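J.: give me coordinates for this.
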Amino acid sequence: MGIYEIKSEFNSDLKRIDHMKTILERLRSGDVFKGATVRDWGTGDQACFEEDECEWLNDLWSEQINKIIDEIEIEEKKFINKWNRSITDE
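T.: Now for the predicted structure:
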């Protein structure tokens, strides 16, 4: 593999991690849910939840944030192992 291919692969791997961090920051910038309306588009039924009924939604939001944090940590470890190994193999 030539230098340009290696550089391209390195940048691609790094951009993937940066993209995941951007998503994480966007999720973290959201406030807690103060209310919600959930609609079943098939039937047209909807349910409205007041602030005190949204704890489950806030819990789901937190779970998604934690999953992305875990994914980022895994990807960063893979990145370090891959590129550290590539450098030491040279």
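
J.: so who does the nearest residue to R28 once chain neighbours are set aside touch?
T.: The shortest distance from R28 to any non-neighbouring residue, by C-beta to C-beta, 6 or more residues apart in numbering, is to I65 (6.4 Å). Any C-beta I mention is one placed from the backbone N, CA and C, and that applies to glycine too. The neighbours of I65, taking C-beta atoms under 8 Å, 6 or more residues apart in numbering as the test, are L24, L27, R28.

J.: please apply the same query to E71.
T.: Neighbour list for E71: M20 [criterion: C-beta under 8 Å, 6+ apart].

J.: who wins on neighbours among the contacts of I65?
T.: Within those, most neighbours by other C-beta atoms under 10 Å means L24, with 16 neighbours.

J.: point me to the helix or strand that includes that residue.
T.: helix 3-29 (DSSP states H and E).

J.: now do T37
T.: Assigning secondary structure by DSSP H and E places T37 in strand 36-39.

J.: what lines up beside that strand in the sheet?
T.: strand 46-49 (antiparallel) (DSSP bridges).

J.: next SSE after the partner strand?
T.: Following strand 46-49 in sequence, per DSSP H and E, is helix 55-89.
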